[in-house]
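[1] fold the following.
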Amino acid sequence: MFPSSDYDKSRKFRAWSVRDNTMGLVKVITIGVGAFIIGIPPGPDVVDAERKITIFAPADGRFVSMNDLFLMSFTGLLDRQLREIWEGDIIDYWSSIHGNKRGVVVFQKGSFYLSAYNWREILGMISSDSDTTGLSVIGNIYEHPHLRQGF
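    The predicted model follows:
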């Protein structure tokens, strides 16, 4: 069965460029090689040493090697302020079980979870069935490392 159009719209990725310390949206992923990232400083076209592969840099971003990026997937969900929730986001939330907590969105075994920052404790799964009205994205682990405190 083919994915629905709603599924197609939610399948998007962003990436943290290690060299630029910048987050950008991914336009194209080449498995095992790298990704075209929009929103990071433009760069030159890339030609491999054997001159077999030429990668043309887009005007609004550039190709980044998989060794120089962290790839994150969109969950397809929005928080209570209608902001997109992504893998790697730091979330403040309240639940009757945990009270006020802070967690990180992680992707494991085909699902998104909210994890304690030490990744040792899974606080709960988040999916299209989840009530996200209690979730608030406050940053992400790359652009806001200071928010890691208090986990």
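[2] and the residue nearest the centre of the chain, what element?
    Nearest to the mean C-alpha position of the chain, counting by CA atoms, centre = their mean, stands Met72 at 2.7 Å. In the assignment (DSSP states H and E), Met72 maps to strand 69-78.
[3] which residues does Met125 contact?
    Ser111, Phe112, Tyr113, Leu114 (CB atoms under 8 Å, 6 or more residues apart in numbering). In short, each C-beta sits where N, CA and C put it, glycine included.
[4] who is it paired with across the strands?
    On DSSP bridges, the residues paired with Met125 through beta bridges are Tyr113.
[5] distance of it from Asp131?
    Using CB to CB, to the nearest Å, Met125 is found at 12 Å from Asp131.
[6] and Leu25, that one's in a helix?
    No - under DSSP: H, G, I helix; E, B strand; the rest coil, Leu25 falls outside any helix and is assigned strand.
[7] any idea how far Pro42 is from it?
    Where Pro42 is concerned, Leu25 sits at a distance of 14 Å (CB to CB).
[8] who's more crowded, those two?
    Under the neighbour definition other CB atoms under 10 Å, Leu25 and Pro42 were set side by side, and Leu25 has more, 17 against 11.
[9] returning to that earlier point: so which elements touch the strand holding Met72?
    In this structure, strand 69-78 packs against helix 5-10, strand 13-17, strand 34-38, strand 84-86, with contacts taken as 3 or more CB pairs under 8 Å, 6 or more residues apart in numbering; DSSP states H and E.
[10] lowest average confidence across these, which one?
    When the helices and strands packed on strand 69-78 are compared by mean pLDDT, helix 5-10 comes last with a mean of 50.
[11] just for the chain, where's the confidence low?
    Where the chain drops to pLDDT under 70, the residues are 1-10, 43-59, 98, 117-120, 148-151.
[12] re earlier: as JSON lines, the contacts of Met125 with neighbour count and distance to Gly88 would be great.
    Formatted as JSON lines, the contacts of Met125 follow (neighbours: other CB atoms under 10 Å; distance: CB to CB, whole Å):
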{"residue": "Ser111", "neighbour count": "11", "distance to Gly88": "15"}
{"residue": "Phe112", "neighbour count": "21", "distance to Gly88": "11"}
{"residue": "Tyr113", "neighbour count": "19", "distance to Gly88": "12"}
{"residue": "Leu114", "neighbour count": "24", "distance to Gly88": "12"}
